[in-house]
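Peer 1: Task: produce atomic coordinates for the following.
(2 chains)
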Amino acid sequence: MKIASWNVNSLKVRLPQVLSWLQESQSDVLCLQETKLPDPRFPAAELAEIGYQSLFHGQSTYNGVAILSRLPLQASQCDWPDGSDGQARLCATSIGDLRIVNVYVPNGQSLDSDKYRYKLDWLARLQDFLRAELARWPRLLLLGDFNIAPSDLDVHDPAAWAGEILCSDAERAALQGILSLGLHDLFRHQHPDAQEWSWWDYRAASFRRNIGLRIDLLLGSDALLPALDDVHIDRTARAVERPSDHAPVVLQLKEPS
DNA sequence: ATGGCAAACGCAGTTTGA
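Peer 2: A predicted model of the protein is given here:
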């Protein structure tokens, strides 16, 4: 089974790229972030035409998450269990006994911003949510745009980013808290020393110069590790005309034996 | 030189992203 995560930075703009990427990659599941579309405008019909059903949870202008799948989805839910977020940042579903949790973690803007406090609170709440999910679904994949570079190995210029938003100690500690539930950063698990990025700033020719961060993550539970086959970042999707500033991160799971 | 680019909203320029 092939499962990917991609922050598309507007699904309205990127829909043609998503459609062609799905057909070329033959992914079974694609989790999207920053769709920026209210639910009535979600392109479910266009995706159904090429064989993908959609779970979507959006809003206008900001945020928005979705899961596209050519396998049947069960036990789908969006937002926190009490529906109290107010921002469309989380949706979850199951394919058989595999639980998939798709997140768009708040950016935080700057360390002195109210948005930074919201980010840290959101991550604490995610950890509580995942504890309950894992109890019910041991085979769990948490993926999405985390807006956190897990370590300096995930940053093109660690000195320039030291202590900055996306790299602060508190953000990294919050991510470690989530990992401590028994989750593993699958790209890092497969590539212990690799320096690859999933996001490149639109400015300053960052992609051409390969200046970026690895902030789009796939975290798999202990029970998922034996099924891990391959994880890679698809840079080709960042090299097209009018790209998203993020590239898809792609996971290949071994077929159940 | 501490910017740059892109998208939404809406129709000019502000806000946000990371």
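
Peer 1: which residues of the stretch 151-257 of chain A score low on pLDDT?
Peer 2: A:256-257 (pLDDT under 70).

Peer 1: near DNA strand B, which residues of it?
Peer 2: A:165, A:166, A:199, A:201, A:202, A:203, A:204, A:213, A:215, A:242, A:245, A:246 (C-beta under 7 Å from any atom of the strand). (Each C-beta comes from the backbone N, C-alpha and C, glycine too.)

Peer 1: touching DNA strand B at all, the helix or strand harbouring residue A:117?
Peer 2: Taking DSSP states H and E as the criterion, residue A:117 maps to helix A:114-136. Yes - Helix A:114-136 is in contact with DNA strand B by C-beta under 7 Å from any atom of the strand, via residue A:115.

Peer 1: That helix: which residues count as buried?
Peer 2: Residues A:116, A:118, A:119, A:120, A:122, A:123, A:126, A:127, A:129, A:130, A:133, A:134 are the ones in helix A:114-136 that count as buried (16 or more other C-beta atoms under 10 Å).

Peer 1: can you check stretch A:199-209 too?
Peer 2: Quick answer for stretch A:199-209 (16+ other C-beta under 10 Å): A:199, A:200, A:206, A:207.

Peer 1: hang on, isn't residue A:43 packed against residue A:14?
Peer 2: No - Residue A:43 is beyond contact range of residue A:14, at 10.5 Å (criterion: C-beta atoms under 8 Å).

Peer 1: Between the two, which is the more surrounded one?
Peer 2: Applying other C-beta atoms under 10 Å to residue A:43 and residue A:14 shows that residue A:14 carries more neighbours, namely 23 against 18.

Peer 1: From residue A:69, how far out is the closest residue to residue A:89 other than its chain neighbours?
Peer 2: In space, and not counting its chain neighbours, residue A:89 is closest to residue A:104: 4.6 Å by C-beta to C-beta, 6 or more residues apart in numbering. Distance of residue A:104 to residue A:69, computed by C-beta to C-beta, to the nearest Å: 18 Å.

Peer 1: Ok, residue A:81 next?
Peer 2: Taken as C-beta to C-beta, the span from residue A:81 to residue A:69 is 22 Å.

Peer 1: follow-up on the earlier one: with neighbour numbers in mind, choose between residue A:104 and residue A:69.
Peer 2: Per other C-beta under 10 Å, whichever of residue A:104 and residue A:69 has more neighbours is residue A:104, with 26 against 21.

Peer 1: Pull the contacting residues for that one.
Peer 2: A:7, A:33, A:34, A:63, A:64, A:65, A:88, A:89, A:90, A:144, A:145 (C-beta atoms under 8 Å, 6 or more residues apart in numbering).

Peer 1: Tell me the bridge partners for residue A:250.
Peer 2: residue A:4, residue A:232 (DSSP bridges).

Peer 1: Hmm, it is touching residue A:235, no?
Peer 2: No - using C-beta under 8 Å, residue A:250 is not in contact with residue A:235, being 11.0 Å away.

Peer 1: who has more neighbours, those two?
Peer 2: A count of neighbours by other C-beta under 10 Å puts residue A:250 above the other of residue A:250 and residue A:235, at 21 against 16.

Peer 1: Identify the residues contacting that one.
Peer 2: Taking C-beta under 8 Å, 6+ apart as the test, what residue A:250 contacts is A:2, A:3, A:4, A:25, A:27, A:230, A:231, A:232, A:233, A:234.

Peer 1: So the closest residue to the last one other than its chain neighbours versus residue A:24, what's the distance?
Peer 2: When you say that, I think you mean residue A:234. The shortest distance from residue A:234 to any non-neighbouring residue, by C-beta to C-beta, 6+ apart, is to residue A:248 (4.6 Å). Distance, residue A:248 to residue A:24, using C-beta to C-beta: 11 Å.

Peer 1: Give me the more crowded residue out of these two.
Peer 2: residue A:248 (26 against 11).

Peer 1: list the contacts for that one?
Peer 2: A:4, A:5, A:6, A:21, A:25, A:30, A:233, A:234, A:237.
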